[in-house]
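J.: Just the structure for this:
(chains A and B)
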Amino acid sequence: MLVLTRKVGERIRIGDDVTVQVLEVRGGQVRLGLSAPAEVRIFREEIFLAIEGQNHGAQLADPAQLADAAAVWEAYADGKRS
Amino acid sequence: MASVAEETVVPGASVPDVIHVRSSRFGELEVPADRVLHFPQGLIGFPRARRFVILDHRPGSPFKWMLCLEQPDLAFAVAEPAQMVPDYEAPLALAARTLGTDPADVALFVIVTIPSDPTAMTVNLMAPVVVDVRTRRSRQLVLEDGRCDPSYRVCSPRPESGVAAAES
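T.: Okay, here's the model as predicted:
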């Protein structure tokens, strides 16, 4: 891992078009400002991991899963309407 | 913006209009090239899964198949949330800004997680799949405002009718 020390207000460049700026340091917290092109996705790591885990868990192992779920949904929706 | 198809046309050459997909799990299908969705960043956790197709399960059903063309054994169930999640406010304006298009051209699907008991299925309202229907550029959008449930249970438990249905 590359380790850099920066003061408040200083920046780091990643590649040509990503900038990370240290905005504020207070207590145990650091506020960062990030600038990047729209196609670069930026997430807090815990959000990324949560969605990644959700996506992995959503892979279909068998086409019957979808057909079963659709049938369950239809029965549920019919029950709600009646 | 020129579409991918226009950029790759070679004069005099025939343009393949159907993509053949062979999957050990999902069988063989022919996908019209103009139905292919392009995810330049892949799906979260699947960065190399960049081309998908979304196919109807049955007419009128909110469920769809989302099949990956690069990895034919990778598939998801997705759904149109309008019927399933009545109070969901689809983030069409944010999706349109992210995709660089107009909200009227955005299609939005939620990914369904189907556990062994399908009545406990959930949909991911926090990270919907959004598609610019004109260019078919697509992306998994992440809503970080904390209001959208990544595992929203679609069939809320109703013990009395659920038990009766299971026993009848």
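
J.: need the residues of chain A near chain B, please.
T.: Residues of chain A found near chain B (CB under 8 Å from any CB of the partner chain) are A:38-39, A:41, A:43-44, A:47-48, A:50-63, A:65-70, A:72-77, A:79. All C-beta atoms are positioned from the backbone trio N, CA, C, and that covers glycine.

J.: ok, now with 7 Å
T.: A:38-39, A:41, A:43, A:47-48, A:50-52, A:54-60, A:62-63, A:65-66, A:68-70, A:72-73, A:76, A:79 (CB under 7 Å from any CB of the partner chain).

J.: Spatially, which residue comes closest to A:N55, not counting chain neighbours?
T.: Here the nearest residue to A:N55 in space, its sequence neighbours aside, is B:G45; by CB to CB, 6 or more residues apart in numbering or on different chains that works out to 4.5 Å.

J.: dump the residue contacts of that neighbour.
T.: Contacts of B:G45 were listed using CB atoms under 7 Å, 6 or more residues apart in numbering or on different chains, and they are A:52, A:55-56.

J.: what do you get for B:F76?
T.: B:F76 touches A:58-60, B:66, B:111, counting by CB under 7 Å, 6+ apart.

J.: ok, now with 8 Å
T.: Applying CB atoms under 8 Å, 6 or more residues apart in numbering or on different chains, one finds that B:F76 lies in contact with A:55, A:58-60, B:65-66, B:111-112.

J.: Likewise for B:D105?
T.: Taking CB under 8 Å, 6+ apart, we find B:D105 in contact with B:96, B:132-134.

J.: Mind putting those into TSV with distance to chain A, pLDDT and neighbour count?
T.: Listed next are these as TSV, based on distance: CB to the nearest CB, whole Å; pLDDT from 0 to 100; neighbours: other CB atoms under 10 Å in any protein chain shown:
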residue	distance to chain A	pLDDT	neighbour count
B:A96	12	95	17
B:D132	13	97	21
B:V133	19	96	14
B:R134	17	95	14
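
J.: What does the pLDDT read for B:I19?
T.: B:I19 is assigned 86 on the pLDDT scale.
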